[in-house]
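[1] below are the sequence and a predicted model for it; my questions follow.
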Amino acid sequence: MEASITLKKVGKLIGDKTILASLTFGIERGSLVAIIGDNEAGKSMLLKVISGVENQEFGNVYINGLDLRKRRLSVISSIGFVSHEIDLDPWLTLEQNVRFMGFMYGVDIETLNTRMIQLARDFHIIPHLKRMVQDISPGILKKGMILRALIHDPDILIMDEPTAFMDAESYRQTWDFLLRLKGKKTMLYVSQTLSEVEEAHDRILVLEDGKITLDGSLDKLLGSTFDYHQFQIEFEELSDDLFQKLSNVPKVKNPSRIGNSIHFYGRERNVFFAVLNAATSSVMKDISVNKLGLQDLMDAKFARDGIH
């Protein structure tokens with residue numbers, strides 16, 4: 001499938017600090033892609049570079065096959081950008097903010113009016129259009145920012161934490177609408193809410209220190225870790241000898257110790273029973289079993305090393 005967004009060896013520096021490190025990847029047209037990672041990983045900067053808000057020092061960004069630097073005026077109208085920060089003018093109404101953006105992109109009055117009302121209805125914010133921005137809650141304003149980004153009907157929608165500040169109802173309304181755009185628009189977004197990423201994505205990029213450490217669908221990323229479980233056994237007393245004995249049980253992965261508890265990973269259920277059998281002479285106080293999920297991929301250790 002044709003790529004809407006293509007990066008080739010894109011690098012970004014601030015002073016002598018590398019924010020983005022020679023990134024090369026493509027985003028297919030009509031796909032919904034999530035970017036996750038720790039704070040300071042470079043997620044927001046990546047969105048700004050792709051949107052043309054920031055310039056990269058190295059490499060090239062292509063939007064629908066056009067070089068963003070060389071064809072900025074032609075390319076920029078293809079993109080709708082939603083920043084993390086509330087960047088609406090507080091001294092204007094929400095409607096005036098939206099209209100200003102529409103006029104900037106040359107949207108005619110009739111189309112602008114029709115599109116604004118329809119989008120406001122989709123986001124359930126029609127009663128807020130005439131209100132001053134400074135009097136509107138941040139969650140509603142975030143909806144308004146997505147509306148504003150869509151007012152010129154761009155092919156690509158780039159969003160930095162699109163549901164930040166929203167309550168549960170607004171969150172659901174927003175994602176109900178965004179999911180209807182799948183296949184029609186290319187959407188790239190940053191999220192810190194792992195449940196949001198797990199339920200709404202075609203592809204996930206994990207960014208760490210300006211580099212992509214994992215890239216693929218959730219099932220692909222979990223891959224070999226998907227069948228693993230995390231086990232924890234708390235003992236009345238976990239001696240060094242006992243910890244070493246349990247760590248050496250075949251197929252126990254990544255054993256670690258916290259106080260009198262041993263944590264380890266195992267793919268097969270009989271690994272857990274083998275550990276229990278090896279510890280039958282010791283007093284156990286508590287046992288827990290957890291299946292691995294996206295949070296484990298977010299752990300920098302997993303992103304770099306996986307389970308071994």
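    Yep, it's here.

[2] buried stuff in stretch 162-170?
    Going by neighbour count (16 or more other Cβ atoms under 10 Å), the buried part of stretch 162-170 is Pro162, Thr163, Ala164, Phe165, Met166, Ser170. All C-beta atoms are positioned from the backbone trio N, CA, C, and that covers glycine.

[3] tabulate the residues you listed (JSON lines), appending secondary structure and distance to Arg72.
    Output for the buried residues of stretch 162-170, formatted as JSON lines (DSSP: H, G, I helix; E, B strand; the rest coil; distance: Cβ to Cβ, whole Å):
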{"residue": "Pro162", "secondary structure": "coil", "distance to Arg72": "24"}
{"residue": "Thr163", "secondary structure": "coil", "distance to Arg72": "29"}
{"residue": "Ala164", "secondary structure": "coil", "distance to Arg72": "28"}
{"residue": "Phe165", "secondary structure": "coil", "distance to Arg72": "31"}
{"residue": "Met166", "secondary structure": "coil", "distance to Arg72": "32"}
{"residue": "Ser170", "secondary structure": "helix", "distance to Arg72": "33"}
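
[4] which one of those residues is nearest Arg203?
    Using Cβ to Cβ, Pro162 comes nearest to Arg203 of these, at 16.6 Å.

[5] what ranges of the stretch 51-200 of the chain fall below the confidence cut-off?
    For the stretch 51-200 of the chain, the stretches with pLDDT under 70 are 199-200.

[6] show me what contacts the closest residue in space to Leu207 that isn't next to it in sequence?
    Distances taken as Cβ to Cβ, 6 or more residues apart in numbering put Gly37 closest to Leu207, at 3.8 Å, once the chain neighbours are dropped. By Cβ atoms under 8 Å, 6 or more residues apart in numbering, the residues touching Gly37 are Lys43, Val206, Leu207, Glu208, Met298.

[7] please flag which of the residues you listed sit within strands.
    Val206, Leu207, Glu208 (DSSP state E).

[8] from those residues, which single one is nearest Asp135?
    Distances from Asp135 to the ones in strands among the contacts of Gly37, taken as Cβ to Cβ, are shortest for Leu207 (36.1 Å).

[9] can you give me the helices in the stretch 101-250 of the chain?
    Listed in chain order, the helices of the stretch 101-250 of the chain (DSSP state H, counting those that start in this stretch) span residues 109-122, 138-150, 168-180, 194-199, 218-222, 240-247.

[10] tell me what Met132 is bridged to.
    Legend: beta-bridge partners of Met132 under DSSP bridges are Thr93.

[11] which residues touch stretch 127-147?
    82-83, 86-95, 97-98, 116, 119-120, 123-125, 157, 159, 162-167, 170, 173-174, 178.

[12] what subset of those residues is buried?
    Burial by neighbour count, 16+ other Cβ under 10 Å: within those this picks out 82-83, 88, 93-95, 97-98, 116, 119-120, 123, 125, 157, 159, 162-166, 170, 173-174, 178.

[13] any chance of a markdown table for the contacts of Gly37, columns neighbour count?
    Shown next, in a markdown table, are these (neighbours: other Cβ atoms under 10 Å):
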| residue | neighbour count |
| --- | --- |
| Lys43 | 25 |
| Val206 | 24 |
| Leu207 | 24 |
| Glu208 | 19 |
| Met298 | 18 |
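
[14] what is the nearest of the residues you listed to Ser191?
    Lys43 (9.1 Å).

[15] isn't the closest one right next to Ala34, touching?
    No - applying Cβ atoms under 8 Å, one finds Lys43 not in contact with Ala34, separated by 10.1 Å.

[16] between those two, what contacts are shared?
    Listed as contacting both Lys43 and Ala34 by Cβ under 8 Å, 6+ apart are Val190.

[17] how many neighbours does the closest residue to Leu92 other than its chain neighbours have?
    Excluding the flanking residues, the one nearest Leu92 by Cβ to Cβ, 6+ apart is Val133, at 6.2 Å. For Val133, the neighbour count with other Cβ atoms under 10 Å is 20.

[18] tell me how far Val133 lies from Ser44.
    22 Å (Cβ to Cβ, to the nearest Å).

[19] ok, now Thr6?
    Distance from Thr6 to Ser44, counting by Cβ to Cβ: 20 Å.
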